[in-house]
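1. Compute the structure for the input listed below.
(chains A and B)
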Amino acid sequence: GDSVTQMEGPVTLSEEAFLTINCTYTATGYPSLFWYVQYPGEGLQLLLKATKADDKGSNKGFEATYRKETTSFHLEKGSVQVSDSAVYFCALSDMIYNQGGKLIFGQGTELSVKP
Amino acid sequence: NAGVTQTPKFQVLKTGQSMTLQCAQDMNHEYMSWYRQDPGMGLRLIHYSVGAGITDQGEVPNGYNVSRSTTEDFPLRLLSAAPSQTSVYFCASRVGQGFTGELFFGEGSRLTVL
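-> This next block holds a predicted model:
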């Protein structure tokens, strides 16, 4: 079945460092790919998405490119801030095995940014 | 904007007790769902609904019941709680079934079953 694999955390960076969180996926159909972020004590919120191969999603300085050839959707940010400390989830939604619009999540990667 | 509202935020139960987690959204979303979040496992879909009167099972439905009598509300019932149901539960909603749309999440309900 479909699945999402993220790099394990926690990831600890200094402010202004470059961030990469790796995400790879397995899907039978034609998935859309998402990054969701969960700040402490809150629910998840959409950070960015890409709906087809070679699309780049971007928001708040974060970027991710849908790479079908490597089945990847890595999250990057050039200069992280303390306020970026959160848990980041990669997810996919598959058109074929959709189950009513189900999202399949990776296990989450905790990011901690130190001043 | 209230968005998706879940109650209670925290609950402790004893094994065998029953309870209902409430979820309400004020965005007129057709699609609503319940996920559970467990360490190292991401979020897993429990049940979902594509409109009032329509519900279906997700990947981990055992031990949970749902109903959808209105567009706004989607309660999750635990009929006989078990320690394996200790988790953080999230309700989420979206416009329609479209698989590209954004899911809006509530703040979560942390349940502990002793």
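2. Would you mind confirming that B:Val60 makes contact with B:Leu43?
-> No. Contact criterion CB atoms under 8 Å: B:Val60 and B:Leu43 do not qualify, at 10.3 Å. No exception for glycine: its C-beta is placed from N, CA and C like everyone else's.
3. So between the two, which is more surrounded?
-> The neighbour count for B:Val60 versus B:Leu43, taken as other CB atoms under 10 Å in any protein chain shown, is higher for B:Leu43 (28 against 18).
4. quick one: the more buried one and A:Lys102 touch, right?
-> No. Between B:Leu43 and A:Lys102 there is no contact under CB under 8 Å: 10.4 Å.
5. can you pull out the strands in chain A?
-> Taking DSSP state E as the test, the strands found in chain A are A:3-6, A:11-14, A:19-21, A:23-26, A:32-38, A:44-50, A:56-59, A:62-65, A:75-77, A:86-93, A:104-105, A:109-114.
6. Next: chain B.
-> If DSSP E is used as the criterion, the strands of chain B fall at B:4-7, B:10-13, B:19-25, B:31-37, B:43-51, B:54-57, B:64-66, B:76-78, B:87-94, B:104-105, B:109-113.
7. Figure out which of those is closest to chain A.
-> Chain A sits nearest to strand B:104-105 of all these, at 3.4 Å, using CB to the nearest CB.
8. Remind me what the closest one packs against, helices and strands.
-> Taking 3 or more CB pairs under 8 Å, 6 or more residues apart in numbering or on different chains; DSSP states H and E as contact, the helices and strands that strand B:104-105 lies on are strand A:44-50, strand B:87-94.
9. A:His74: which of those strands is closest?
-> For A:His74, the closest of these is strand A:44-50, at 11.5 Å, according to CB to CB.
10. dump the residue contacts of B:Tyr89.
-> The contact partners of B:Tyr89, taken as CB atoms under 8 Å, 6 or more residues apart in numbering or on different chains, are B:Gln6, B:Leu21, B:Trp34, B:Tyr35, B:Arg36, B:Gln37, B:Ile46, B:Leu76, B:Gly108, B:Ser109, B:Arg110, B:Leu111.
11. ok, which of those also contact chain A?
-> The residues of the contacts of B:Tyr89 that also fall near chain A, by CB under 8 Å from any CB of the partner chain, are B:Gly108.
12. Just name the most buried of the helices and strands packed on strand B:104-105.
-> Using mean count of other CB atoms under 10 Å in any protein chain shown, the stretch among the helices and strands packed on strand B:104-105 with the greatest mean number of neighbours is strand B:87-94 (a mean of 24).
13. For that one, what is the distance to the chain centroid?
-> Chain-centre distance of strand B:87-94: 5 Å, with CA atoms, centre = their mean, to the nearest Å.
14. Where does the prediction get shaky in chain B?
-> Counting by pLDDT under 70, chain B shows low-confidence ranges at B:1, B:96-99.
15. Which positions in it make contact with chain A?
-> Within reach of chain A by CB under 8 Å from any CB, chain B has these residues: B:4, B:31, B:33, B:40-45, B:48, B:50, B:56, B:58-59, B:90, B:92, B:94, B:96-108.
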